[in-house]
Structure formats: structure tokens, C-alpha cells
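**Student:** Sequence plus the predicted model coming up.
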Amino acid sequence: MIGKLAIAAVLALLSAAAQAQSGKLTLYTSQPDRIAAETVAAFNKQHPGVTVETFRSGTTEVMNKLAAEFLAGDPKPDVLFIADAVTMESLKADDRLLADPEADVTAFPPAAYDREKTYFGSKLITTGIVYNTAAPRPQSWLDLLAPAAKGQVVLPSPLYSGAAVIHMAAVSAAPMLGTDYYAKLAENRAIAVQGNGAVVTQVAGGQRMYGVLVEFMALNARAKGSPVDFVFPKEGVSAVTEPVAILKTAKNPEAAKAFVAFILSKPGQELAAAQGFLPARTDVAPPPGFPKPAELTILPLDIAAATRDTQALKERFSQLFGG
Amino acid sequence: MLRRLGATASEQALCLGLIVFVGAISAAPLARLLLEGIAPGGRLDLGVLASVLGAPRTWLAAERTLATVLVSTAIATVLGGAFALLVGATDLRGKSALAFIFLLPLMIPSQVTAIAWINLMGPASPLLKTLGLAPAPGTPHPLYGFAGISAVMGLEHAPLVFLAFRAGLKTLPGEVIEAAELQGASRFRIIGTIVLPMTLPALAAGAALAFVSALGNFGTPALLGIPAGYSVLTVLIYQQLAGFGPNAIPETAVLSLLLGLLALVGIAAERWLSRRHDVRADQLHARRLISLGHVAPFFEASAWGLLALIVAVPLAALVAAALVKAYGLPLTSDTLTLDNLSYVLTEHAATARAAANSLLLAATTAVIVAGISALLGYLVVWRDNAISRGLAIAAELPYALPGMVLALATILVFLQPLPLVHVSLYGTLGIILAAYLARFLVLALKTTVAGYLQIDNALEEAAALEGAGLWRRIASVILPLAAPAVAAGAVLVFLVALNELTVSALLWSAGHETLGVVVFSLEQAGDSTLAATLSVLVAAATVALMALATVAARRLPQGVLPWQG
């Protein structure tokens, strides 16, 4: 009897500790450094007891570091906060993700999250065209293949960026662009750099006039005074949802759940809007300057096909752009 | 008789310990890499080898590697050779200062040098924009691609040629020059007909060193090549591993072997040339310097002007880029800010973490390799046998071969959990430490051996006759005498390890970044102002440490710091 009481007391203590949400939380993310730091700072306002250790890189590199950790037998992160659902699907297929049935998704459109609640899209990040305002405004993805754009296009590499993988998959599947669109880009002497950040740097710095880029980086650079603007091309844009997920091997699952809850909460989504993102929650207003989500043409993406073809796409890209 | 047997037993223990250490960190990984290339998964299978060697990408990268390496070697040879002639063979004033500054591009890490040049020359250059000289928007960066990679690597490796050639010039017999001068030969004639022919092997050995270093260089070709879609072999290995993860290990192993093979050609050439140039200086005759006379001011002005152009101006551009508010703006009183500096110093978590990691790694590596080289140096100098020679070569290879080759070899051995303890070193600083120990052992060993050679063996023999065992002799006689050289080796290793990028670029994991990796990643991610800011800090720290070592060097044996005559 006393033993049972003691166990109950210990369990009560443990759950109390869990509610206080303290300890270390390891976060692997593809958010840019400063944005990730803001997100963590806002989370810490609600949960000051949690020490968040952040590691950031492009989604592909984050995943490859994680793959090596799986091989080595000691995956470090509690939470993954990366670009795209396709990557999450492959982790889910490998049984790496922890479902979080308590996560509150009432304000989210059903397409935003996994039905089994292993990952949750937090926003909509679209990829379109950034251009230096010294160049004429492009209208179409095909403008990047024109002689005027020869040697003037820079794009992020799927070997580094998750959004770039999705973009390549969506563009290759779009009938008016097609599988040889990337080959034509390479023929027009387009250049691949690692991430989206390097694309905006080159276009803002005037080293290339056009870039394939996620919209928030272009709009943020424009707001800061850089000579760039952004186009949602008429054929449509590709989109990722920047999902957040908890690993089954998480060492601090309670803090991880608190982090996920924060990202999905209204304040968390308002922070995303303030950072220049289109929030996934329907009850949070998009940042100024964004078209309404309903007005956006989004290139369709078959998640199952994309999951299957990721390696082949990356290999093709590597052969075309030499990286 | 008993005493001799005892000495042999402890010597055997020493040998065995060193064989295990050097074998584990150096020989085993390199052998494992070789095996991976021809027998991935443990069975002879040339499929991967054939597919990699059949891919056009491989040959494009190999061709680009050779093109940039050969042109950069030519630049390094001309520049380093000319400077060595001025500093080593003439009576030019201010030689120590010239040498110190000329060697900066060797000691400042290549990623920092590359970022400095990127910030100097492009359409977004804050320095050129301020002066109104920046290229028009839409102009590609002039340094992105073949020309930039070759030129910047040439500057970075010129100091290697300088060091090798200057060492050769020191052995030049003074009386030959004296005789020529007595016969009225002009200084250019003396240089052309006496100095150069006699020291040509030393110059060529320096060129071979520059060749091997350029093959292994990663920071410069990555930062100047990736934005132009121009990948050399080291960059291709990195991109494949970053893009495909552990799946790419078999392919990258083959690429590493190809890179290693090219390097071996250079290493063999350097060996052969160094052996040909083994002229012992006549110590009785003071070295005879060629008097520059009335043309001295011209050469002085040219030397300092050139140094300003290749060292001071790029560093100034780096500082300007670190102080500007947003990338692409000119530096004016409106755009000047210290925000970048305060962000890097106080808020950017990865910087603080990387600084701590790099300091810890560099200090640990320096202490361990200094200790090992004190013991290994003893064997190499005074027990010249097959075992000590084999150990010396096994210690040399991980440094002579490109860093990418060693890094991949280290991943192959240490990614899987270790036997017995069932813990993998991957995902810890341990795997970087293992690679650093292998890579930098020979740096400490060379300084230590140089120190041992200056010690009189008689003391140790006397101690042996008195009945002191090996360990006792090492502790009480050998180590105290060799201590200054060992310490100098540790200082050198610390400096080089602190700035390392190539090995850690493949081995870092989340939370275990090095300073080199953070600088590189910031620039790659497009955070150019932050990359420039951190680069300024790294360059400043490097110069400060070099200056500190110079002051401390008054207590060290002659010639252990490369920038001192």
C-alpha cells in the first residue's frame, strides 16, 4: 500500500515537473538563424525553464546529419522544424515520429497537418521569382529561360534546401514546365548556390538579376531597402508548409510538445506573420503585401510520388548543375 | 646484460603503444578508405568505382581541380620565389616584418581569405561602392570561378614556396657568391647563373608543396566556386555528402581516392626534389647576402606595395563589410554600424558554441600530439629502424593527403559504434578530435625532431650507463631538454587547429561546429555581413596569436616558428 502511494507520489511529481516544462530541448531547424532565435525567444517567454539548443542548416543538410546520427545510434534532436512535409512523410514511414494527439489543430485547414498528428504544417511558404529592380519584371517561369536572363539566374540547391526539393518536384510535374525545365535552366547558364539565403544575397548584391526564392526572404529584403522585388509567376508557385514534429527518440518529449503547442498557438502564428510568413491558422491575418491564399495558384504536388523520387531528383540536379 | 634487457622491454612497450596510437588514428582509417573504394560492404565490388569513374561530373571536377591547382601553383611559385629571393638572398631592410606579413595568408584560414576577396571585388563591395568603383549590377563576381580560385589559392600557397625556397637559399655556400662578386659579376647575373641553378630543387620542392596544398584546399574553391557552379574534387565530395548524407559514402570514397592519388604524385615529387637538394651549408662561412645598393628603395617599395595589395587591402574590405548595415550598401556615416559585431559576439549562439569547441579541440589536440611527438621523436631520431620510419610515414600521410580524404576515412571508421563500448564517436567532438590528432601529429613531430637533433645524445647515454631505465631517462633527461621544441610544436598545432575547416566541414554535427564551419556556413547561407564580421574576429585572433608566439619565441629554439628566419 505504502509502495503504491509512493509510486503515485513520484508519478504526480513527474507530471508536475512535466507541466513546468524545464530542462534541455534540442531543436533542429531550417529556419534562418535570426528567425529561429526569435521563435525560441518567444517560446521561452512562455516556458522560461526550457533551455533550447538550436541547430540550423538547410533541410537537406539537417536531414543528412540526422541520418548519420541514426546510423551512429544516437539521434540528438527532440523537435524537428523543417521546410517540407515530404521529408516528414519519409521520417514517418521510417517510424521516427511521435504522434501528439493533444495538439490543438482546430484553427487549421485539414491539409495543413498529418491526420495521425505526427507532424503539423505551421505556415505556407511559396517559391517564386525574386528580381533585382534594375531588371525588367518577369511574369512567367519561362522568362528565366529567355536570352535576356542568360547567366543571370541563381537558384537554391535541392542538395541543401528542402523548399528547393519540393520546387523541383512541383515544376517537373507541371505540364507547361515539365521535366526538362531544369535542363533548360542549366542550358541558360543558371547557377545553383546552397540555400535561399545565398540567392537573395546574390540578387540584392546585383551579381545576378533573377533568383528562384521563397517569398518571405524577398519581401523581407525589400522591406529592408534592398533593390529587389518578388513575383508570383502566372503558372503558379510551389509551396511548403514548414512542419514541426517530435522524434520518437526525444529525450524531453514534454518540452517538445510544449514547443509544438506554441508554434500552433495563436501567439506563435502571430509571431510567424510578424516575421513575414503566411501563417497556417485561418484566424491569423497574413502579413501586409501578401496575396490572399485563395488567390494564389499553387503547383500541385503528389506527396507520395515526391517522397519516392527525391533521391532521383537530387541526383539529376547534381548532374545538371555539377554540385 | 639484465639492464639492457630491461631497457629493451620498456622500449618495446613504447613502440607498441605508439604503433597502436598511430595505427588507430592514421593507418586504420586510411586503409579502411582504400577498402571502401574497391570493396564496399567488405566484398570485392568495382561497381561503385566504375560508376563514379564513368560519371562526367567526376571528370569535370577532376579537370577543374587540375586547372586551378596548376595555375595557382604557378602563381605561388613566382610570388613566393621572388619574395624568398628578396628576403633570403639580399640585404633588404625590414625582412622580419615582410616575412611576417607575407605569411599571413598561410596562417589566416582560407575561408576567411576567400571571404575577404569576395567582399573586395564584387558588385556589392562596400569598399569599391564607397569609392564609386564597384562593377555595375548584373556583372558576375569577377572572382567566382576558375580565375578567382586560381589567383586566391596562389596567394594563399605562395608562403609555402617562400619557406621552402628560403630554407634552400640559406644553404647556399657564401664563398661562391663572393668569388663571383670579386670577378665583377652583376647581382642579376649572380642570381641568374649561380643562386637559381643551385637552389632550383628547393624552389621546385616548394612548388610541389603548393601543388599538394591546392589539391586539398576546400575553403577557397568552395566559397569562390559554388556560386559559379564550378566544383573541384574537394567541393564535390563535400556537396555529395551534404546533399545525400551517408548514402553518398561509397561514391565519395572513390572521389577521395582519386584526390589522394593526385596528391601522392605531388608528395612523391616533393620528396624526390628535397632529397636532391641536400647541400649542407658551410657553417664556418657567414652567409653572403647580395647587396641591393642603389636599387634597394625600388625593391623595398615594390615589396611593401605588393603586400599592401594582397594582404592589407582585402583585409580592409573585410572590415568594411563587417561594419556596413546591410549587404550591398556603401560604407558611409549613415550605414556604419556595430550591430553585426554585437550580434555575433552576444546573440549568435552558434558562434559562441563554435568558439568554445574550436578552443577545446585545438588545446586538446596540441597537448596530446605534443606529448606523443615527444616520445615518437625520440624513436625517430635515436632509434632509426624500420618501425620508427614506418611510424613517421604513417604520421605524415594524414597531413600530406588532402583533409577531405582523412575526414572521409575517419567517418568510415568512427561512424559505426566502437567495439566493446558500443558508443559511436559520431555526433560528438570526439570524431573531430580523432581526425585532428591524425592530421596535426606530424606538425608537432617535425618541430620536436628538429629540437632533438640539436640535443647531444651523450647526456642520455651517460644516464643509461648510470643505470637509468628508458622511462626515467625520458622523464629526467630527454623531456627537459626537448621541452622548448615540443612546446613550439604545440603552439603551431594550436594555431592551425583553431582555424581548421576542411576536416571539420565533413565531421561536424549539430552543436559540435568549429569556427571554420560557422564562418563557412554563414557565407554559404547568404549572411554575408555576419560572415565578414566573424572573419574579422578570426583574422584578428590569428594575428594576435602569431604576435604572442613571436614574443614567446625568444625562449624557443631557433627556427621553429615558420615566419621567423
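**Tutor:** Yep, it's here. Keep in mind the model is a prediction, meaning the values are calculated, not measured. Numbering: from 1, shown residues only, chains lettered A, B, ... in the order given.
**Student:** from what I can see residue A:79 touches residue A:243, true?
**Tutor:** No - the criterion here is CB atoms under 8 Å, and residue A:79 misses it with residue A:243 at 10.9 Å. No exception for glycine: its C-beta is placed from N, CA and C like everyone else's.
**Student:** Alpha carbons of the helix or strand hosting residue B:9, as PDB, please.
**Tutor:** Assessed by DSSP states H and E, residue B:9 sits inside helix B:2-22. Provided in PDB are the C-alpha atoms of helix B:2-22 (Å, rounded to 0.1, in the frame of the first residue of the first chain):
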ATOM      1  CA  LEU B   2      69.900  -7.600 -17.400                       C
ATOM      2  CA  ARG B   3      69.800  -3.800 -17.600                       C
ATOM      3  CA  ARG B   4      69.900  -3.900 -21.400                       C
ATOM      4  CA  LEU B   5      67.100  -6.400 -21.500                       C
ATOM      5  CA  GLY B   6      65.000  -4.200 -19.200                       C
ATOM      6  CA  ALA B   7      65.600  -1.200 -21.400                       C
ATOM      7  CA  THR B   8      64.600  -3.200 -24.500                       C
ATOM      8  CA  ALA B   9      61.400  -4.300 -22.800                       C
ATOM      9  CA  SER B  10      60.300  -0.800 -22.000                       C
ATOM     10  CA  GLU B  11      61.400   0.300 -25.400                       C
ATOM     11  CA  GLN B  12      59.200  -2.400 -26.900                       C
ATOM     12  CA  ALA B  13      56.300  -1.200 -24.800                       C
ATOM     13  CA  LEU B  14      56.900   2.400 -26.000                       C
ATOM     14  CA  CYS B  15      57.000   1.100 -29.600                       C
ATOM     15  CA  LEU B  16      53.800  -0.900 -29.200                       C
ATOM     16  CA  GLY B  17      51.900   2.000 -27.600                       C
ATOM     17  CA  LEU B  18      52.900   4.300 -30.500                       C
ATOM     18  CA  ILE B  19      52.000   1.700 -33.100                       C
ATOM     19  CA  VAL B  20      48.600   1.300 -31.600                       C
ATOM     20  CA  PHE B  21      48.000   5.100 -31.400                       C
ATOM     21  CA  VAL B  22      49.300   6.000 -34.900                       C
END
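**Student:** May I see the buried residues of that helix?
**Tutor:** Within helix B:2-22, the residues that count as buried by 16 or more other CB atoms under 10 Å in any protein chain shown are B:7, B:11, B:14, B:15, B:18, B:21, B:22.
**Student:** State the pLDDT value of the fifth one.
**Tutor:** The score at residue B:18 is 93. That number is its pLDDT.
**Student:** same check, this time on residue A:8
**Tutor:** At residue A:8, the model reports a pLDDT of 59.
**Student:** Contacts for the helix holding residue B:9, please.
**Tutor:** Contacts with helix B:2-22, where a contact means CB atoms under 8 Å, 6 or more residues apart in numbering or on different chains, come from B:372, B:375-376, B:379, B:383, B:387, B:391, B:394-395, B:441, B:464, B:467, B:469-471.
**Student:** can you rerun that using 10 Å?
**Tutor:** Outside of helix B:2-22, the residues within contact range by CB atoms under 10 Å, 6 or more residues apart in numbering or on different chains are B:27-28, B:368, B:372, B:375-376, B:378-379, B:383, B:385, B:387-388, B:390-395, B:398, B:437-438, B:441, B:464-465, B:467-474.
**Student:** In the stretch 401-550 of chain B, what residue comes closest to chain A?
**Tutor:** Closest residue of the stretch 401-550 of chain B to chain A, CB to the nearest CB: residue B:526 (2.9 Å).
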